[in-house]
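Q: I need the structure of the sequence given here:
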Amino acid sequence: MRKMMEILSRGASDAKTEALAPTHPVDLSDQDFDRFVSSYPIVVVDFWASWCAPCRFMAPIVKELAAEFGGKIAFGKLDVDNNPLTAAKYGIMSIPTFIIFKNGTPVDMIVGAMPKQRFKSLIMQHLS
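A: Purely as a prediction, here's the structure:
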């Protein structure tokens, strides 16, 4: 009986476990954007374009932070040229723009390129 109770309680706690965030940035589209940002407790989305030099500067930083925060924060990338509906929905006027979502709701917007440590510290403010 005791062993059965342990198995049942372990199963119940496993059911409450949230999906771990990917350890790499996920390419997003207008079609899957809402599902992605609501799938994880904290999500950072990089609104970018291939022709944007500051976006290219931030790309390896986003990739590194996705690996560092893997499991805690999900990172997505949305190409604004190929996904204008979502970019318009969030009023993206400059790129790169990063929007931080908590439980599917936008809570912060960061605009422009910056050093990795500054970007990381801005994101970490939302971990508590």
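
Q: mean confidence for stretch 117-128?
A: For stretch 117-128, mean pLDDT is 94.

Q: and for stretch 72-81?
A: 97.

Q: what distance separates the start and the end of it?
A: One end of stretch 72-81 sits 29 Å from the other (CA to CA, to the nearest Å).

Q: which residues are contacting it?
A: 21-22, 24-29, 33, 36-37, 39-40, 42-51, 62, 65-66, 69, 86-87, 92, 95, 123, 127 (CB atoms under 8 Å, 6 or more residues apart in numbering). All C-beta spots, glycine's among them, are computed from the backbone N, C-alpha and C.

Q: and that stretch, what's buried?
A: Buried residues in stretch 72-81, counted by 16 or more other CB atoms under 10 Å: 73-80.

Q: next one: stretch 66-82 to chain centre, how far?
A: Relative to the chain's own centre, stretch 66-82 is displaced by 4 Å; criterion: CA atoms, centre = their mean, to the nearest Å.

Q: repeat for stretch 106-126
A: On the basis of CA atoms, centre = their mean, stretch 106-126 sits 12 Å off its chain's mean C-alpha point.

Q: now do the same end-to-end measure for that stretch.
A: Using CA to CA, the two ends of stretch 106-126 sit 11 Å apart.

Q: okay, buried residues for that stretch please.
A: Those would be 110, 113-114, 119, 123, for stretch 106-126 by 16+ other CB under 10 Å.
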